[in-house]
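**Student:** just coords:
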Ligand code: HEM
């Protein structure tokens, strides 16, 4: 499963504009190569020029920054200089106008993000843990005692239920009908790399996306109105947003609530689903480490099937495995910003109007940062090694002001899934090829990848 080691022996210096990578066509630049193999192109950029390298997507100038120092400069820049809002304009038709990255000002965007915080902090975490555990139990009922399942599909379905239940609430989970799944699918299909160039092209995928967005707003708006009328208070994300206020005291409109819920679903669903699948595939290919994870599960839970929030913290080996799967296979493999004011780094100037890319996928494969970077080695995160000690070495969850707000929730959710599945079943790969599917904006393993399972005799 090893991909390109991204180490480059030299550091760029000198000229004002960063060097451009080789190749590229007169008008299209590197767009065709990017469309065919974005991941390969980014690795090539680092190999050719080190920490700062340029390429062109049609008329758009792009600069790739890799390595901890360059990543830090990117993450620490203010929104007024490097704008996430501009860079992620392709998400506006999905989340809606004036919401999240389309918020009218950076201040408003900051306030909206701050409203998500209470829903992703300790107080609600305990509830989420219980919900996820229940959902895994339901999925186990469906799996039965033995069989074979496409684990990529299994993770997508399970995390769809867990995210919908934790974020949108039990009403929604109860009605997670075929209609919702189809609408959500249409919305997802509307997030395509071509949207970086223009998210409003009249292509079928974007038309379906727009129709789905309208209907989802109707559905979510209906639930908000019902809950307001009934006076019932949920312990979910939706409740947090219903109670949230801007600094001027104004609450969120139904349109804004829908947008922020969809943003949270999008930010959290695929990313968690793919990380669960990769963690499983890596563990099943590294039985020695898996055996240690199992022993720790035994030590923490013994005969009990009760997975409490507190005990999850003791599952350090599982946590290292998840982090390592995320290091090797970050679902968001490129993070973007648009340059609003000239950005200087390492003697180079990246001009206003260009775009910057930070790539966890490339930066995580630098041999001077991570020892033997293509190897699955979760112990690199243990206290005696701490290869992520410099916080910009490890950037699966981003960094700085836009760092992921859902990382604790994601890790909690994945831990619960593994604590349940690994103790219930013996699992082994059925032999399918495991490769990365780079078709979407969030990348993960290409399904189907079948996993065999058989109930453990000694399971509680
Ligand atoms: C394994 C799972 C996840 C991964 C790998 C992940 C990764 C990331 C990354 C890399 C960013 C930074 C994007 C950038 O700087 O351009 C980000 C931002 C964000 N994530 Fe996550 N995420 C995950 C799960 C979640 C979950 C479960 C939620 C919420 C339920 C969530 C909510 C957010 C939000 C709201 C932001 C935007 C923060 C901002 O712009 O201020 N994420 N995530």
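**Tutor:** Structure's in. What do you need? What you see is a predicted model, and the numbers here were worked out from it, not measured in a lab. Numbering: from 1, shown residues only.
**Student:** Spell out which parts of the stretch 351-460 of the chain neighbour the ligand.
**Tutor:** Within the stretch 351-460 of the chain, the positions near the ligand by Cβ under 6 Å from any ligand atom are 396, 397, 398, 402, 404, 405, 406, 409, 410. Every C-beta, even on glycine, is put in place using the N, C-alpha and C of the backbone.
**Student:** dump the residue contacts of residue 445.
**Tutor:** 152, 274, 277, 278, 281, 329, 434, 435, 436, 437 (Cβ atoms under 8 Å, 6 or more residues apart in numbering).
**Student:** before we move on, what about residue 138?
**Tutor:** Shown in contact with residue 138 (Cβ under 8 Å, 6+ apart): residue 161.
**Student:** In terms of helices and strands, where is it?
**Tutor:** helix 122-143 (DSSP states H and E).
**Student:** what's the farthest-apart pair in the residues of the stretch 351-460 of the chain next to the ligand?
**Tutor:** Using Cβ to Cβ, those reach their maximum pairwise distance at 402 and 409, which is 16.6 Å.
**Student:** Who has more neighbours out of those two?
**Tutor:** residue 409 (26 against 17; other Cβ atoms under 10 Å).
**Student:** Touching, that one and residue 117? I think so.
**Tutor:** No - counting by Cβ atoms under 8 Å, residue 409 does not reach residue 117; the two are 11.3 Å apart.
**Student:** After the helix holding residue 138, which helix or strand is next?
**Tutor:** Next element after helix 122-143 (DSSP H and E): strand 146-150.
**Student:** hmm, the following helix or strand past that following strand touching the ligand?
**Tutor:** Per DSSP H and E, the first helix or strand lying C-terminal to strand 146-150 is helix 151-163. No - figure legend: helix 151-163 not in contact with the ligand (Cβ under 6 Å from any ligand atom); closest approach 7.0 Å.
**Student:** How is the residue most central in space within the chain assigned, secondary-structure-wise?
**Tutor:** With distances taken as Cα atoms, centre = their mean, the residue of the chain nearest its centroid is residue 271 (3.3 Å). Using DSSP: H, G, I helix; E, B strand; the rest coil, the structure places residue 271 in helix.
**Student:** who touches the closest residue to it other than its chain neighbours in this structure?
**Tutor:** In space, and not counting its chain neighbours, residue 271 is closest to residue 331: 4.4 Å by Cβ to Cβ, 6 or more residues apart in numbering. Applying Cβ under 8 Å, 6+ apart to residue 331 gives the contacts 270, 271, 274, 275, 442, 443, 444.
**Student:** and if you look at residue 136?
**Tutor:** 158, 416, 417, 420, 421.
**Student:** about what we covered before: please identify which pair of the contacts of residue 331 lies farthest apart.
**Tutor:** 275 and 443 (11.3 Å).
**Student:** list residues touching both of these two?
**Tutor:** In contact with both residue 275 and residue 443: 329, 331, using Cβ under 8 Å, 6+ apart.
**Student:** any weak-confidence spans in the stretch 101-250 of the chain?
**Tutor:** Applying pLDDT under 70 to the stretch 101-250 of the chain picks out residues 122, 176, 193.
**Student:** Which residue comes closest to whichever residue of it sits closest to the ligand once chain neighbours are left out?
**Tutor:** Using Cβ to the nearest ligand atom, residue 113 is the residue of the stretch 101-250 of the chain that sits closest to the ligand, at 4.3 Å. Nearest residue to residue 113, sequence neighbours excluded (Cβ to Cβ, 6+ apart): residue 405, at 6.5 Å.
**Student:** Same question for that neighbour, what's its three-state structure.
**Tutor:** Classification of residue 405 by three-state DSSP places it in coil.
**Student:** Report the closest residue of the chain relative to the ligand.
**Tutor:** As assessed by Cβ to the nearest ligand atom, the ligand sits closest to residue 406 within the chain, at 2.0 Å.
**Student:** so what's the residue lying closest to that residue once chain neighbours are set aside up against?
**Tutor:** Take residue 406 and drop its neighbours on the chain: the residue closest to it by Cβ to Cβ, 6+ apart is residue 268, 4.9 Å away. Listed by Cβ under 8 Å, 6+ apart, the contact partners of residue 268 are 163, 167, 406, 409, 410.
**Student:** my read: the last one touches residue 270, true?
**Tutor:** No - under the criterion of Cβ under 8 Å, residue 410 makes no contact with residue 270, lying 11.0 Å away.
**Student:** which one of residue 275 and residue 443 has more residues nearby?
**Tutor:** residue 275 (25 against 22).
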